[in-house]
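Trainee: quick one, fold the following:
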Amino acid sequence: GGRQGWRGESRGSPQQLAERYADLAASHSEALRQREEREWHNARLRQENARLRLENRRLRRENRSLFRQALLGPGPDKPPADPGEEAEALRAQLGRLQEKHRRALRHLRRCRAAGGSEASGAEDGELDELLLEEDEQP
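Mentor: The predicted structure follows:
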């Protein structure tokens, strides 16, 4: 018979053992393939991560440079901006911001009317003040 003890002795026919061995070999090969695929994928992600870090550093430097330029104003090679044009641009920007503020307050008012008040007590008081201010404006 093919049934004997477990210490190195067979437990099944040679054909069954060969099939089990083939299954184990196939499983092992698949596990190795998946491992190689994961390693390749991880290497690709590490490269992408390094590229994104460099891009992030470049963008931070660019932002700092632009911020410095905005703080310091035009350089010696650039003519100073016309105060009238600058004032007009700032008025236009203020108008856009005020309109955004009005739309946001109208949205909050609609949310509150619909019973969706999610603000805390302190935020609620601040919102009441803003809504009153907006009502008082012409």
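Trainee: from here on, just use CA atoms for contacts and neighbour counts.
Mentor: Will do.
Trainee: confirm residue 22 sits in a helix?
Mentor: Yes - looking at residue 22 with DSSP: H, G, I helix; E, B strand; the rest coil, it is inside a helix.
Trainee: report the separation between it and residue 15.
Mentor: Applying C-alpha to C-alpha, to the nearest Å, one obtains 10 Å for the distance of residue 22 from residue 15.
Trainee: now do residue 128
Mentor: Between residue 128 and residue 15 the distance, using C-alpha to C-alpha, works out to 84 Å.
Trainee: more neighbours: those two, which one.
Mentor: Legend: neighbour count by other C-alpha atoms under 10 Å for residue 128 and residue 15, higher for residue 128 (14 against 9).
Trainee: just the CA coordinates of stretch 84-100, formatted as PDB?
Mentor: Included here for stretch 84-100 are C-alpha records, laid out as PDB according to Å, rounded to 0.1, in the frame of the first residue of the first chain:
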ATOM      1  CA  GLY A  84      -3.400 104.700 -10.700                       C
ATOM      2  CA  GLU A  85      -3.300 101.300 -12.400                       C
ATOM      3  CA  GLU A  86      -2.300  99.600  -9.200                       C
ATOM      4  CA  ALA A  87      -5.100 101.200  -7.300                       C
ATOM      5  CA  GLU A  88      -7.600 100.300 -10.000                       C
ATOM      6  CA  ALA A  89      -6.400  96.700 -10.000                       C
ATOM      7  CA  LEU A  90      -6.700  96.600  -6.200                       C
ATOM      8  CA  ARG A  91     -10.300  98.100  -6.400                       C
ATOM      9  CA  ALA A  92     -11.300  95.400  -8.900                       C
ATOM     10  CA  GLN A  93      -9.800  92.700  -6.700                       C
ATOM     11  CA  LEU A  94     -11.600  94.100  -3.700                       C
ATOM     12  CA  GLY A  95     -14.900  94.000  -5.600                       C
ATOM     13  CA  ARG A  96     -14.400  90.400  -6.600                       C
ATOM     14  CA  LEU A  97     -13.600  89.400  -3.000                       C
ATOM     15  CA  GLN A  98     -16.700  91.300  -1.700                       C
ATOM     16  CA  GLU A  99     -18.900  89.500  -4.200                       C
ATOM     17  CA  LYS A 100     -17.500  86.200  -3.200                       C
END
